[in-house]
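# Sequence first, predicted model second:
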Amino acid sequence: MKPITQTFSRLLAGLALAALAGCSSVLFYPEAVVPITPARVQLAYRDVTLTTADGVRLQGWWLPAKPGVAVKGTVLQLHGNGGNLAWHLGGVYWLPAEGYQVLMVDYRGYGQSQGTPSLPAIYQDIDAALNWLDSAPEVQGTPRVLLGQSIGGALAIHYLARHPERQAQFAALVLDDTPASYRNVARTVLASSWLTWPLQVPLSYAVPDSDSAIYSAAQVTQLPKLVFQSLDDPIVPLANGIELYKALPPPRVLQLTRGGHVQTFTDPTWRQVLLAFLQNPTHFDGIRRLGEIPNYPQPARKP
């Protein structure tokens, strides 16, 4: 797989530069080829096919809890804007061993899913995933967790704000390096290069922003929220993540991390933080030191 940070930098820079088209499709960068399946990492799974209200067939993966491990809950992953399921397996592959079964779904136009990604059509994909969870026998009676990574978190917030009845179905919402504003993230990427720095303001205004999480966050009131934000994220800067955290109503907790964009769960420290949170999401509120933030990168040793 391509390095996530490098990929997102390239894709999001292309997003901002292409935004003169002024349409929501520039937010999405799907890849058709699915290079690996969970079987590559000796993970049990089965293919899932969903159908949206407008007749689009979506491809997903169901990752059951590891045999012999008691089921603690069900996680729906909404992944970021680049690649497809295979690129985002690293965020959830470890959860089945901890007792969490996972539904991963490719949005329309990603991987083997039909259609072309765009707003607002993509919200029908989230609706289809939730309908599948509603009817799946293995999901019934288990706490549900919505994990939104990068743009997936922004999509989750906007969707839940528009469907408050769905909020009550989840025990928790987990956001991983989620942008508060698509437009502000585009400015950050444009400002990172001397070539595009002078264009950051005019080009960023061409990026669709009305569906950004910051405008819907206050309406997500019915469930606890855990916000992971990396101090080192070159795509979603710290200020953007804190802005989103402040816009979310309690109960919510902010966990600062280290590392690149959406690399949170490559570090066992943040996996343990998530697991601790999921044991009792309502117990946490405010800026809490759930996990120790290590020095990163480690300083080189003197000879």
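Structure's in. What do you need? Numbers count the residues shown, from 1 in each chain.

# so where is the stretch 101-250 of the chain shaky, pLDDT-wise?
183-209 (pLDDT under 70).

# Strands along that one, start to end?
For the stretch 101-250 of the chain, applying DSSP state E, counting those that start in this stretch gives strands covering 144-149, 172-176, 225-230.

# Give me the neighbour count for the nearest residue to Ala44 once chain neighbours are set aside.
Spatial nearest neighbour of Ala44, excluding adjacent residues (C-beta to C-beta, 6 or more residues apart in numbering): Pro64 at 5.9 Å. (C-beta placed from N, C-alpha, C; glycine too.) As a burial measure, Pro64 scores 16 neighbours (other C-beta atoms under 10 Å).

# which residues touch Pro64?
44-46, 96, 101, 138 (C-beta atoms under 8 Å, 6 or more residues apart in numbering).

# ditto for Leu290
Contacts were defined as C-beta under 8 Å, 6+ apart; by that measure Leu290 touches 253, 255, 273, 276-277, 284.

# measure Leu290 to Val273 for me?
The gap separating Leu290 from Val273 is 5 Å, by C-beta to C-beta, to the nearest Å.

# overlap in contacts of the two?
With C-beta under 8 Å, 6+ apart as the test, Leu290 and Val273 both reach Gln255.

# where along the stretch 101-250 of the chain do the helices fall?
122-135, 151-162, 164-167, 182-191, 200-204, 238-247 (DSSP state H, counting those that start in this stretch).

# residues making contact with the shortest one?
Where contact means C-beta under 8 Å, 6+ apart, the residues beyond helix 164-167 that reach it are 130, 159-160, 219-223.

# nearest to Pro35, of the contacts of Pro64?
Distances from Pro35 to the contacts of Pro64, taken as C-beta to C-beta, are shortest for Tyr45 (15.3 Å).

# Touching stretch 122-140 from outside, list them.
28, 48, 50-54, 56, 58, 60, 64, 71, 74, 76, 78, 101, 103, 105, 107-108, 113, 144, 155-156, 158-159, 162-163, 166, 169.

# give me every residue that touches Asp285.
By C-beta under 8 Å, 6+ apart, Asp285 lies in contact with 224, 250-253.

# Okay, the residue positioned nearest the centre of the chain and Leu175: tell me how far apart.
For the chain, the residue nearest the mean C-alpha position is Gln149 (1.3 Å; C-alpha atoms, centre = their mean). Here the criterion is C-beta to C-beta. By it, Gln149 lies 8 Å from Leu175.

# Next: Val236.
Counting by C-beta to C-beta, the gap from Val236 to Leu175 is 10 Å.

# I'd assumed Pro250 was in contact with Ala218.
No - counting by C-beta atoms under 8 Å, Ala218 stays clear of Pro250, with 11.2 Å between them.

# For Ala213, see how far away Gly152 is.
For Gly152 relative to Ala213 (C-beta to C-beta), the value is 11 Å.

# Common neighbours of these two, please.
Here Gly152 and Ala213 share the contacting residues Thr178, scored by C-beta under 8 Å, 6+ apart.

# what residues are up against the residue lying closest to Asp176 once chain neighbours are set aside?
Closest residue to Asp176 apart from its sequence neighbours, by C-beta to C-beta, 6+ apart: Gln149 at 4.3 Å. Gln149 sits next to 77-80, 88, 91, 176-178, 262 when contact means C-beta under 8 Å, 6+ apart.

# Thanks again, I'm all set now.
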